[in-house]
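> how would this look folded up:
(chains A and B)
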Amino acid sequence: KAGVTQTPRYLIKTRGQQVTLSCSPISGHRSVSWYQQTPGQGLQFLFEYFSETQRNKGNFPGRFSGRQFSNSRSEMNVSTLELGDSALYLCASSILAGGYNEQFFGPGTRLTVL
Amino acid sequence: QQQVKQSPQSLIVQKGGISIINCAYENTAFDYFPWYQQFPGKGPALLIAIRPDVSEKKEGRFTISFNKSAKQFSLHIMDSQPGDSATYFCAALRSGAGSYQLTFGKGTKLSVIP
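Predicted structure coming up:
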C-alpha cells in the first residue's frame, strides 16, 4: 500500500511569491492534516480537512490556506511568502477524523524562502 | 502557550543503555498520547501510543510510562541501538474534539553511540 506522497519535495521561492503544495493521502484515507515543522517552533498544526471540509485550523495567518478534493487529495497554499515561512511542510492522513486513528505522515516538502 | 513540554532537547546514550525522554502536558482534556520517531529526510512515524486509562504500555524495547495525576508521560528505550538514533516527538490529542489535531513537544534528538 502506497504511503502519503507530497510534491514537490523541495521548493525555493522568493519573498512575496506564492506557493502551492500537494498531498496525496493513503488510499481510503479521508482525513488530511497539514503541519509546519521548523527548528525553533517544532511541529505546528496548520489545518485539517475531512471530506472536503476544513474541520480545524491552527494559529496561522490567513496567508495560509488549503483545500481538499473529492478524491481526498489536498493542497495548501501560502501567499505573499515571508522569510519565516521557510520550513518543512508535512501532510498526514488518517482513515477517519478524530478518535484514536493512527495518523500517517508523508516525507514533507522543504520550502526555502529567499 | 506550549501545551506539551518535552525534555531533554538532546540525548546521547551508549549502545545497550536506556534512553529516557520526558513530556508534560497542561490540557487535561488530552486523552491520547502518541510518540513519533523521525529520521532525517523522513516524516514522523508513529512509534507507540497510550491512553490515560493505563499507566504503562510496552512494545518491544519501547515503553511508555504515564502519570495522569502529574500530567506527565515518558518514553523509555531499552537496550538502545545506533539505529534508534533519530528525533523523537511526544504528542497529545483531544479525541473528542471532532478533528485530528496533534499538539507536539519540541522534540528530542537521540544519538546512540557504539
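
> now chain B, which segments are flagged as low pLDDT?
Counting by pLDDT under 70, chain B shows low-confidence ranges at B:1-2, B:96-99.

> just give me the neighbour total for the residue of chain A at minimum distance from chain B.
Proximity of chain A to chain B (Cβ to the nearest Cβ) peaks at A:Phe105, 3.3 Å away. Glycine gets a C-beta too; all of them are placed from N, C-alpha and C. Using other Cβ atoms under 10 Å in any protein chain shown, A:Phe105 has 23 other residues around it.

> now it: how far from B:Ile12?
Per Cβ to Cβ, to the nearest Å, A:Phe105 is found 26 Å from B:Ile12.

> ok, A:Met76 - contacts?
A:20-21, A:23, A:34, A:46-47, A:64-66, A:89, A:91 (Cβ atoms under 8 Å, 6 or more residues apart in numbering or on different chains).

> for residue 104, the count of nearby residues, please.
Assuming you mean chain A. A:Phe104 is flanked by 19 other residues according to other Cβ under 10 Å.

> I was thinking of chain B, sorry if that wasn't clear
Neighbour tally, B:Phe104, other Cβ under 10 Å: 24.

> is it true that it touches B:Val4?
Yes. Between B:Phe104 and B:Val4 a contact is recorded at 6.4 Å, counting by Cβ atoms under 8 Å.

> residues shared between the contacts of those two?
Common neighbours of B:Phe104 and B:Val4 (criterion: Cβ under 8 Å, 6+ apart): B:90-91.

> show me what from chain B comes close to chain A.
Residues of chain B found near chain A (Cβ under 8 Å from any Cβ of the partner chain) are B:32, B:36, B:41-46, B:49, B:51, B:89, B:91, B:95-107.

> what ranges do the strands span in the chain?
Picking chain A for this. Secondary structure of chain A by DSSP state E: the strands cover A:5-7, A:10-13, A:19-24, A:31-38, A:42-50, A:53-57, A:64-68, A:74-78, A:87-94, A:104-105, A:109-113.

> I was after chain B.
In chain B, the segments counted as strands under DSSP E are B:4-7, B:10-14, B:19-25, B:33-38, B:45-50, B:56-59, B:62-67, B:72-77, B:86-92, B:103-104, B:108-113.

> quick one, what contacts the one residue in chain B that gets nearest to chain A?
Chain A sits closest to B:Gly43 of chain B, with a gap of 3.3 Å, by Cβ to the nearest Cβ. Contacts for B:Gly43 (Cβ under 8 Å, 6+ apart) come out as A:4, A:90, A:92, A:105-108.

> before we move on, what about A:Asn101?
Neighbour list for A:Asn101: A:31, A:94-95, B:100 [criterion: Cβ under 8 Å, 6+ apart].

> which of those residues sit farthest apart?
Farthest-apart pair in these is A:Ile95 and B:Tyr100; separation 10.2 Å (Cβ to Cβ).

> who touches both of these two?
In contact with both A:Ile95 and B:Tyr100: A:31, A:101, using Cβ under 8 Å, 6+ apart.
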